[in-house]
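Peer 1: below are the sequence and a predicted model for it; my questions follow.
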Amino acid sequence: MRRLGSFLLLLAAALPAAARPVAPGEDVQAAIADAAPGEAIELLPGLHRGPVSLDRPVALVGREGAILEGTDRGSVVTVTAEGAALKGLVLRGSGSDLEAMDSAVLLRRTAKGAVVEGNRMQGNLFGVYVHGAEGAVVSGNVIEGRRVGRLSEHGDGIVVWNAPGARVERNDVRHGRDGIMVRTSQRNVFANNRFRDLRFAVHYMYTNDSEVSGNVSIGNHVGYAIMYSARLTIRGNLSDGDRDHGLMFNYANGSTITGNWVIGHATAARREAEDVDREHAIPGGGADDTGASPAKCVFVYNANRNRFTGNRFEGCGIGIHFTAGSEGNTITGNAFIGNRTQVKYVGTRHLDWSRDGRGNYWSDNAAFDLDRDGIADAAYRPNDLVDRVLWTAPRAKLLLNSPAVQVLRWAQSQFPAILPGGVVDSRPLVVPPPPPVVAEGWAR
């Protein structure tokens, strides 16, 4: 009997306690103060008044239709307790102070392992601000940022600052400044999120040994801006119709970029360009001297020792813009399809974009494969002297059909020694690799 009693006590301790209900009009903060560690406080449908502070390890959950509204000052929910959780609520009414990090949910440094899951955040300055909360999880939230005012005065959907091991997964972020802004962190995972109508989908700085995978960026200024970071895995992401760059790498080193798909829609009518704050100007972005929007699938600026494999870059003004002394990169097994300019390389060195007998697929390469080994019989050169002239003086396009230009291009084909330094693919593929499997659960 004593053993049976002990078993029943252990079973009762293992069962979850019933959530403490809080009706609209009741004091949410008082309910949190009265809760025991591990207890759940359930907000019933209706409007509840904030702000509130989760200063103890409890779960604040909302039944469907529960709204927690701030006073338009400060953050709606500030979490300071380790292991606290916030789930299933509609959150609105944050303040507008960028320096104070006014957010729907602000996770302080002490909120290690906190969970923010399944909430809807509407019109707040920031959605979730992870300010040093190691191991925090931000998952399955819908975040709709602000749409009025200057872009520089908007906050980001999710910010991660110095939060090692934090995970951001399966969120849907729309409007505002950046979808995810991450700075000075490590060992993070940003996976299977969806971003629309933003400046950057993912803005990534000074964050090492982390993963960006399975995300979808639709119609933003830039899809994935990876800067000043090392040893990253950028895998299986989709950029669909991002205006300036699909992928941008600036001093991003020693990383693996594989299985990503960038669709630029260069052949479709371009939507009218929006005005962007000059303080957020993007290197290599914007309109060129002809007034056209160049939309680059990939922009590589001073990024070294990276490996680009199995990616598909399609329908952009420029497939890949490669510049500023980027060295030691491996670019092989990728598909460059229907880009107006496949490669823009600004430099004088000779770079061979093939490795171990395998190069890339180029849709404009009219090549033969007489031995049927899948490798073209002649090398592919995306650029020549005429391209260099056009980059320097875009108005020279008026002369493209002139006899002088035709003679110059014929001479280069007959005497390869006069070709400039630049990119050559000595083992180009004649059949494109299959499209990458990108963005879990996403269908075009």
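Peer 2: That came through, no problem.

Peer 1: and the closest residue to Gly338 other than its chain neighbours, what's its pLDDT?
Peer 2: What sits nearest to Gly338 in space, not counting adjacent residues and going by C-beta to C-beta, 6 or more residues apart in numbering, is Gly315, at 5.1 Å. The C-beta positions use only the backbone N, C-alpha and C, and glycine is treated the same way. At Gly315, the model reports a pLDDT of 94.

Peer 1: next one: Asp369
Peer 2: 88.

Peer 1: and it, how close does it get to Ala379?
Peer 2: 13 Å (C-beta to C-beta, to the nearest Å).

Peer 1: same check on Asp156?
Peer 2: Counting by C-beta to C-beta, the gap from Asp156 to Ala379 is 45 Å.

Peer 1: these two: who's more crowded?
Peer 2: The residue with more neighbours, out of Asp156 and Ala379, is Asp156; 27 against 16, by other C-beta atoms under 10 Å.

Peer 1: my guess is that one contacts His175. True?
Peer 2: No. In this structure, Asp156 is not within contact of His175 by C-beta atoms under 8 Å, at 10.9 Å.

Peer 1: which neighbours do these two share?
Peer 2: Gly145 (C-beta atoms under 8 Å, 6 or more residues apart in numbering).

Peer 1: hang on, isn't Thr78 packed against Leu60?
Peer 2: No. Shown here, Thr78 and Leu60 do not form a contact pair, counting by C-beta under 8 Å, at 11.6 Å.

Peer 1: ok, back up a step: which residues do Asp369 and Ala379 both contact?
Peer 2: In contact with both Asp369 and Ala379: no residue, using C-beta under 8 Å, 6+ apart.

Peer 1: centre-most residue in the chain?
Peer 2: Val202 (3.0 Å; C-alpha atoms, centre = their mean).

Peer 1: what strands line up against the host helix or strand of that residue, and which way round?
Peer 2: Counting by DSSP states H and E, the element that carries Val202 is strand 200-208. Strand pairing for strand 200-208, determined by DSSP bridges: strand 178-186 (parallel), strand 222-230 (parallel).

Peer 1: pull out the buried residues from it.
Peer 2: By 16 or more other C-beta atoms under 10 Å, the buried positions in strand 200-208 come out as Phe200, Ala201, Val202, His203, Tyr204, Met205, Thr207, Asn208.

Peer 1: so who does the fourth one touch?
Peer 2: Pointing back at His203 there. Asp156, Asp178, Gly179, Ile180, Met181, Val182, Ala225, Met227.

Peer 1: buried subset of those as a ChimeraX selection?
Peer 2: What follows is the ChimeraX syntax for the buried subset of these, where burial is set by 16+ other C-beta under 10 Å:
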select :156,178,179,180,181,182,225,227
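
Peer 1: using CSV, write out the CA atom coordinates for the strand holding Val202.
Peer 2: Output in CSV follows, covering the C-alpha atoms of strand 200-208 (Å, rounded to 0.1, in the frame of the first residue of the first chain):
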residue,chain,number,x,y,z
PHE,A,200,15.8,42.5,-45.7
ALA,A,201,14.2,39.2,-45.0
VAL,A,202,17.3,38.1,-43.0
HIS,A,203,19.9,40.7,-41.9
TYR,A,204,22.8,38.8,-40.5
MET,A,205,25.9,40.4,-38.8
TYR,A,206,28.7,39.2,-36.6
THR,A,207,27.1,35.8,-36.0
ASN,A,208,29.1,32.7,-36.4
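
Peer 1: and that strand, what's its mean pLDDT?
Peer 2: 97.

Peer 1: before we move on, what about stretch 93-101?
Peer 2: 97.

Peer 1: then stretch 120-140?
Peer 2: Mean predicted confidence for stretch 120-140 is 98.

Peer 1: and what of stretch 69-89?
Peer 2: pLDDT averaged over stretch 69-89 gives 98.

Peer 1: same thing with stretch 329-347?
Peer 2: Rounded mean pLDDT across stretch 329-347 is 91.

Peer 1: that one: how far from the chain's middle?
Peer 2: A distance of 21 Å separates the centroid of the chain from that of stretch 329-347, by C-alpha atoms, centre = their mean, to the nearest Å.

Peer 1: okay, how far is it across that stretch, tip to tip?
Peer 2: Its first and final residues considered, stretch 329-347 spans 15 Å by C-alpha to C-alpha, to the nearest Å.

Peer 1: which residues touch the residue lying closest to Leu351 once chain neighbours are set aside?
Peer 2: Spatially, and ignoring its direct neighbours in sequence, Leu351 is nearest to Val423 (5.0 Å; C-beta to C-beta, 6+ apart). The contact partners of Val423, taken as C-beta under 8 Å, 6+ apart, are Phe322, Val343, Tyr345, Leu351, Trp353, Arg381, Pro382, Asn383.
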